[in-house]
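Visitor: just to be clear, the model below is a prediction. Sequence and coordinates:
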Amino acid sequence: ARLAVTLPGRATEPVRVVNATGLGVSWQLQGAQPTDAQPGADPTEVVFLGALGEGFHLVERSAPDRAEDFLTLPSALPGERVAFTLALSGPAAGLRLVEGTDTLEVLDERGAPRLRMLPPVISDAEGKRHRAAVSITGCQVDHSPAAPWGRAVTTPGAQSCTVHLEWAGEHVAYPAVLDPTWVYTGTLATARFSHSLTALPTGVVLAAGGASGTSAAPSYLTSCELYDPTTETW
């Protein structure tokens, strides 16, 4: 397994995600009720019924390369937002959140991203997908759009901080499901095919464009990602 994921026994306890180097994060839903875990649909998940009140259930799932949360939203939460307490462990040296991307990365002391929270998505009753905006309070965060490798890491300055997910103004049709996910950074953040690969003078590789989904029903991409072969991270 690329990641070791420990699922909690209660909704008030954190999920723990650790990579092969011992770098890790713990992630816990704020305001949760002390409900006990129940078995999910398969052995990789646990369910907390009414974690944020009646109908607001929390499902936490583990996989070899990811830890995924599903928060069911039968109706709008106050302010259409939730918050999680995030704590770093092991050789985690900093956090990176580039404005406008809603992608959060945990960096090691060399600036390499070792864990990544993908942009949170809300799937609603009409089949539409909405992005939840990410913001952080309580610690220092790198917001630079420059690639993180080989430059000074912004020290968090605190043992834990709060990650806010907000979707006010997205016109979500309830009921809906919020899905924040932590993943391994040795693979592309967005799986793609038919993209270009270009070796840059700096030694990193640029993957640009292409499509996701299937060849029969492709979803064309305008995004790009960089790969550093020295640290083997995207």
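Guide: Everything's here; your move.
Visitor: give the helix, strand or coil label for the residue of the chain most remote from its centre.
Guide: The C-alpha centroid of the chain is most remote from Pro201, which lies 30.3 Å away (C-alpha atoms, centre = their mean). What DSSP: H, G, I helix; E, B strand; the rest coil gives for Pro201 is coil.
Visitor: where in this protein is pLDDT low?
Guide: Along the chain, no part satisfies pLDDT under 70.
Visitor: which stretches in it count as helices?
Guide: With helices called from DSSP state H, the chain shows none.
Visitor: residue contacts, the residue nearest to Pro119 when sequence neighbours are not counted?
Guide: Spatial nearest neighbour of Pro119, excluding adjacent residues (C-beta to C-beta, 6 or more residues apart in numbering): Asp102 at 4.1 Å. All C-beta spots, glycine's among them, are computed from the backbone N, C-alpha and C. Shown in contact with Asp102 (C-beta atoms under 8 Å, 6 or more residues apart in numbering): Pro119, Pro120, Arg131, Ala132, Ala133, Val134.
Visitor: which ones are touching Ala168?
Guide: Per C-beta under 8 Å, 6+ apart, neighbours of Ala168: Gly79, Glu80, Arg81.
Visitor: pull out the buried members of these.
Guide: Glu80 (16 or more other C-beta atoms under 10 Å).
Visitor: filter the contacts of Ala168 down to the ones in strands?
Guide: With DSSP state E as the criterion, strands contain Arg81 from among those.
Visitor: which one of the contacts of Ala168 sits closest to Gly31?
Guide: If you rank the contacts of Ala168 by distance to Gly31 using C-beta to C-beta, Arg81 comes first, at 10.8 Å.
Visitor: please report how far the closest one lies from Ala1.
Guide: From Arg81 across to Ala1, the span is 32 Å (C-beta to C-beta, to the nearest Å).
Visitor: also Val47?
Guide: The value you get for Val47 to Ala1, if C-beta to C-beta is used, is 22 Å.
Visitor: between these two, which has more neighbouring residues?
Guide: More crowded of Val47 and Ala1, by other C-beta atoms under 10 Å: Val47, with 20 against 11.
Visitor: partner residues bridging the closest residue to Trp182 other than its chain neighbours?
Guide: Leaving aside its chain neighbours, Trp182 sits nearest to Ala67 (4.7 Å; criterion: C-beta to C-beta, 6+ apart). Counting by DSSP bridges, Ala67 forms beta bridges with Ser62, Trp182.
Visitor: give me the number of residues near Ala67?
Guide: Number of residues near Ala67 (other C-beta under 10 Å) recorded here: 24.
Visitor: that one touches Val5, doesn't it?
Guide: Yes. At 4.5 Å, Ala67 counts as touching Val5 under the criterion of C-beta atoms under 8 Å.
Visitor: any common contacting residues for those two?
Guide: Listed as contacting both Ala67 and Val5 by C-beta under 8 Å, 6+ apart are Val15, Val17.
Visitor: just checking, Thr231 touches Glu109?
Guide: No. Judged on C-beta under 8 Å, Thr231 makes no contact with Glu109 at a distance of 11.3 Å.
Visitor: with neighbour numbers in mind, choose between the two.
Guide: Neighbour count, other C-beta under 10 Å: between Thr231 and Glu109, Thr231 has more, with 19 against 11.
Visitor: circling back to that earlier point, and the gap between the residue nearest to Trp182 and Arg110?
Guide: Distance from Ala67 to Arg110, by C-beta to C-beta: 24 Å.
Visitor: repeat that for Pro14.
Guide: To Arg110, Pro14 is 26 Å away according to C-beta to C-beta.
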